[in-house]
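Asker: Curious how this folds, go ahead:
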Amino acid sequence: MGALKWLVFLVFLNIHSQATAQSDFQVSVFSTTSKTVILRWSSYSGAASYKISAALSSSPSNPIAFVMFGPNTVMGSISSLSQDVAYIFTVEALNATGTVLNSASTQTSTAPDMMDPIKTVKPKDSKTLMVEFSPKTGATSYVIRVENTNGFFREDTTSSSPAEIMHLEPYTEYKLSIMAVNDAGRSQPSSPVAAKTVLPPPQLSTSSPSNDSIIVTWPPVAHAVLYTVSIYKFGLNTQEKYNTSNTNLTFSGLDAGSLYAIKSSAWDPEGREGEGSLYVNQTTRPPIPSSVSVSVVRSNNVAGLSVSWELSEDVYGTVEYHVTSDQNLNCNSTSSSCTLSPVGCGEVHTIHVTASNEAGPSHPSGPEFFITFPCPPESLTLVESPEGNCTLTWNTVPYADAYEAFVKKGDGGEATCNSTGNNCTYQCQCGYTYLMSVLAFNQAGSSPEGKILNYTTVPCCPESVSVSTVSTDTLEITWTASRRAELYQTRAADNSEVILCNDTAPVCALSDLSCDSSYTVVVTPCSEISGCNHACKSHTRDTAPCMPANLILNPKNSSIISVSWTANNRAANYTVSADGEDGRRTCTTSGNSCDITELPCGSSFEFSVTATSSAGQSLPSFSQSLETDPCCPGSLTVEQVTQAMSNVSWSHAKGAQSFITSLTSLRGHARCHTQDSHCLMGCITCGTNYTVTMEAFSTSGRVSNCTYQGFSSSPCCPSGIKLYMLASNSQRVYWRSTASSHSTLVEMVGTNNNYTCTASPGENSCDVENIQCGDMYRLVVAPLTPEGSKVLLCPHRLYSVTCIGSNIGTVIYRGKRSVN
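Answerer: Residues are numbered from 1 along each chain as shown. Got it, this is the predicted structure:
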């Protein structure tokens, strides 16, 4: 590296100098060595040359050296200076005549002189060298340069001797030189010395394949020709060393469960021992557990096997014990016992205990064989005998030596029975519940509680059984509840069917029974466990008669109905009921027909038949509806409206909806059909006697024929009426002759005067005398009734009678008017 580069490097190390100059001309120190100082200044306008002079700081007015530079130079050096001396440097800008145009000064010291070579270099480890050197007066620090032929170059700064040069490559040769440093810079490097690092430490891996040995392995170390391995046991002061050219070593005959420290180093071909490895701690595997014992323990109704063993003394660290069974159970512990859980009944276990530490597991202990408690007996069965004894049986189980049966009666009584077989007999009673269980025993203890056999003997027959009829096809049976009965089965049977009713209450209703049948009723108490008691007493009861069927209504007349039906009962009386809006009418018989009498007209009735026997009453038969004939109106009136038209009216008729009224004679008839209470009839012939009849119809079409007093139409009005003038102001009224037996009345009604005359039966004219002329007259010719009254239905005619003087002049016909 050139001198200029070193000067630049020193500037970057912040060698500071104080520059003093005029504001327009400045100078500064660029770099410094022990013999030379390089200065830098600003260009000055008009300068023909620059002069650098050096003087001791203690005598600034006495320059000891100077150097000149041309006008285009702004950096220059001054040499032949003394090391580590303070100088003041002045730069002057001169014109062509040598006159000073401007000047500037700065002060700095020279760097120390080159140091003596490094005294000693020793390896500290495979990556560190220890360097010793002689200190330099005036130096504030030192730079050690390290380099090798592989292109490695590095400079480390230190403040004193000795110094550590770290982070080097193992087994590598280096050249080292040193430089002194002060505020002005640093010296030239000293003459180099050579040094070589040692081999790196082996990277040890250890393991303990057994409880008395340790295997140490490591990767080969480059350039190593030999390895030294040392081992010592914690707690002892002895250490053993072994040399080997291999990369592994086995230590045997060690103590089980003990902690050992192992380290190693490699030797290079020059016979130098390399850096030692760090100590590696390795524990041997623990000793085999001894004195293993097994027992049964229980916790929260869960059984387990407690396995215990003796703990070894002087074992280093934590030892974990692993207990295994060939029944797929295991447990771990750091103490002297462990529980295998859960275990079942009737199991044979082969148990091993293995100790483990950080080195690995020991060999397992010798096998321990253990049989657990027996399983509870199964298939408990109870056989009940007629003598009141019950025999409890069960299946034998493996590994059981004896059995004990426990029997608890529902009233609190208890009994036990010991057996080496599979059965036990005790006394049992009807209607009680028994709880039974069996335990098996062996040397490990008793079996767990097995299934409890819950057995209930058949319940006793109920008492106070009562059978009653509640409807035509239903019997209600009640009784006193029997002990331990959970369900009652009520059975009713006749010759053709069986009806069942199951209920938990002491009451049952058997419905849908056959009518008019005799049933045998039995109440059987049952329980789900023990079944039913089929030895209970039966009871007999008849059901109500059957409902009469095929009801037929046969009207004998308008007020009597004959009712018949199909009688299908063994012995029964029958009641026929006719229900209408005005009450009920009945008749009773033991046969199959009966008459209902005195039924009113115009009424609707519902007919039904009910059968009655000692067992009760049947349902009423399906009803039949019947209407009696409608009533005839109580009164009927015929009023003639005109000679050919009459108005017929009548009173209310119960049950009648419509009417056909007829007027009948030999000369013809008239008829009307209406729902009203009146009717207007035409085509009436005058002077005719009519027969009056009526047909009254109900809504269902029933009809009553009604006959009333005959009706005679009014006499016929005369026709062909003409007026003839007579003397003395008289007029003769003439009409066509009829064979009527009635008298005829003639009326002439004027404004001021009225005139009448009467003709005897058979006559066809009548004279009206002394008529006043000059008036308008209304002429009516009408027959007289036998009672002498005038028929009012005849029309009138208008005539105008004129005067000739005081006598009648002309009679003028003005027209015909009908009756109002």
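
Asker: All the helices of the stretch 651-800 of the chain, residue numbers only.
Answerer: Using DSSP state H, counting those that start in this stretch, no helices are found in the stretch 651-800 of the chain.

Asker: Below-threshold pLDDT in it: ranges please.
Answerer: Within the stretch 651-800 of the chain, not a single segment meets pLDDT under 70.

Asker: if I read this right, residue 298 contacts residue 304, doesn't it?
Answerer: Yes: if you go by C-beta atoms under 8 Å, residue 298 and residue 304 touch, sitting 7.3 Å apart. C-beta: built from backbone N, CA, C; applies to glycine.

Asker: of these two, who's got more company?
Answerer: In terms of neighbours (other C-beta atoms under 10 Å), residue 304 is the more surrounded of residue 298 and residue 304; the figures are 19 against 13.

Asker: Might one say that that one is in contact with residue 342?
Answerer: Yes: if you go by C-beta under 8 Å, residue 304 and residue 342 touch, sitting 6.2 Å apart.

Asker: Just grab the bridge partners of residue 775 for me.
Answerer: Beta-bridge pairing for residue 775 (DSSP bridges): residue 801.

Asker: what number of residues lie near it?
Answerer: 16.

Asker: and it, what does it touch?
Answerer: Contacts for residue 775 (C-beta atoms under 8 Å, 6 or more residues apart in numbering) come out as 750, 751, 752, 753, 800, 801.

Asker: Please pick the buried ones from those.
Answerer: 750, 801 (16 or more other C-beta atoms under 10 Å).

Asker: If we only consider the contacts of residue 775, which is nearest to residue 90?
Answerer: Using C-beta to C-beta, residue 751 comes nearest to residue 90 of the contacts of residue 775, at 183.9 Å.

Asker: now for whichever strand or helix holds residue 92, which elements pack on it?
Answerer: If you go by DSSP states H and E, residue 92 is part of strand 86-94. Other helices and strands packing on strand 86-94, by 3 or more C-beta pairs under 8 Å, 6 or more residues apart in numbering; DSSP states H and E, are strand 27-32, strand 37-41, strand 49-56, strand 100-109.

Asker: Mind putting those into a markdown table with mean neighbour count and mean pLDDT?
Answerer: Output for those, formatted as a markdown table (neighbours: other C-beta atoms under 10 Å; pLDDT from 0 to 100):
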| stretch | mean neighbour count | mean pLDDT |
| --- | --- | --- |
| strand 27-32 | 24 | 88 |
| strand 37-41 | 24 | 91 |
| strand 49-56 | 18 | 91 |
| strand 100-109 | 18 | 89 |
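
Asker: Distance to residue 725 for these - can I get that in CSV?
Answerer: Compiled in CSV, those are given as follows (distance: least, C-beta to C-beta, whole Å):
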stretch, distance to residue 725
strand 27-32, 187
strand 37-41, 188
strand 49-56, 195
strand 100-109, 191
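
Asker: Select, out of those strands, the one closest to residue 765.
Answerer: Comparing the helices and strands packed on strand 86-94 by C-beta to C-beta, strand 27-32 comes nearest, at 187.9 Å.

Asker: Show me how far the closest one is from its chain's centre.
Answerer: 91 Å (C-alpha atoms, centre = their mean, to the nearest Å).

Asker: strand partners of it, parallel vs antiparallel please.
Answerer: By DSSP bridges, strand 27-32 pairs with strand 37-41 (antiparallel).

Asker: excluding its backbone neighbours, what's nearest residue 592?
Answerer: Spatial nearest neighbour of residue 592, excluding adjacent residues (C-beta to C-beta, 6 or more residues apart in numbering): residue 567 at 4.2 Å.

Asker: surely that neighbour meets residue 589?
Answerer: No: the pair formed by residue 567 and residue 589 falls short of the contact definition of C-beta under 8 Å, at 9.6 Å.

Asker: So these two - more neighbours on which side?
Answerer: Set side by side, residue 567 and residue 589 show more neighbours around residue 567, with 19 against 15, by other C-beta under 10 Å.

Asker: Can you list the buried residues in the helix or strand hosting residue 293?
Answerer: Per DSSP H and E: residue 293 is located in strand 290-299. Across strand 290-299, burial judged by 16+ other C-beta under 10 Å covers 292, 294.

Asker: And stretch 423-434, by the same measure?
Answerer: Buried residues in stretch 423-434 (16+ other C-beta under 10 Å): 424, 426, 428, 430, 431, 432, 433, 434.

Asker: for stretch 617-634, same thing?
Answerer: Residues 617-621, 624, 626-633 are the ones in stretch 617-634 that count as buried (16+ other C-beta under 10 Å).

Asker: Same list, the residues you listed, but as CSV with distance to residue 101 please.
Answerer: Shown next, in CSV, are those (distance: C-beta to C-beta, whole Å):
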residue, distance to residue 101
617, 160
618, 160
619, 155
620, 157
621, 160
624, 160
626, 163
627, 162
628, 167
629, 169
630, 165
631, 168
632, 172
633, 169
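
Asker: and of those residues, the nearest to residue 90?
Answerer: residue 619 (152.8 Å).

Asker: Is it correct that the closest one is in contact with residue 543?
Answerer: No: shown here, residue 619 and residue 543 do not form a contact pair, counting by C-beta under 8 Å, at 11.6 Å.

Asker: Please flag which of the buried residues of stretch 423-434 sit within strands.
Answerer: If you go by DSSP state E, the buried residues of stretch 423-434 have 424, 426, 433, 434 in strands.

Asker: circling back to that earlier point, return the distance of the strand holding residue 92 from the chain's centre.
Answerer: For strand 86-94, the distance to the chain centre is 101 Å (C-alpha atoms, centre = their mean).

Asker: Identify all contacting residues around it.
Answerer: Contacts of strand 86-94 (C-beta under 8 Å, 6+ apart): 25, 27, 29, 37, 39, 41, 44, 46-58, 60, 63, 78, 81, 100-110.

Asker: Mind doing that once more with 6 Å?
Answerer: 27, 39, 41, 44, 47, 49-55, 57, 60, 100-107, 109 (C-beta atoms under 6 Å, 6 or more residues apart in numbering).

Asker: Same check on stretch 169-176?
Answerer: 118, 126, 146-148, 192-197, 199-200, 223.

Asker: And the helices in this structure?
Answerer: 3-12 (DSSP state H).

Asker: Phi and psi next, for the residue lying closest to residue 33 once chain neighbours are set aside.
Answerer: In space, and not counting its chain neighbours, residue 33 is closest to residue 111: 5.2 Å by C-beta to C-beta, 6+ apart. The phi/psi pair for residue 111 (degrees, to the nearest 10) reads phi -70, psi 160.

Asker: pretty sure residue 309 is in contact with residue 352, am I right?
Answerer: No: Residue 309 is beyond contact range of residue 352, at 10.8 Å (criterion: C-beta atoms under 6 Å).

Asker: Run through the stretch 151-300 of the chain and note the low-pLDDT ranges.
Answerer: For the stretch 151-300 of the chain, no range has pLDDT under 70.

Asker: how much space between residue 567 and residue 190?
Answerer: 155 Å (C-beta to C-beta, to the nearest Å).

Asker: Repeat that for residue 795.
Answerer: Counting by C-beta to C-beta, the gap from residue 795 to residue 190 is 183 Å.

Asker: And the two? Which one has more around it.
Answerer: Set side by side, residue 795 and residue 190 show more neighbours around residue 190, with 21 against 17, by other C-beta under 10 Å.

Asker: doesn't residue 112 make contact with that one?
Answerer: No: the criterion here is C-beta under 6 Å, and residue 190 misses it with residue 112 at 11.4 Å.
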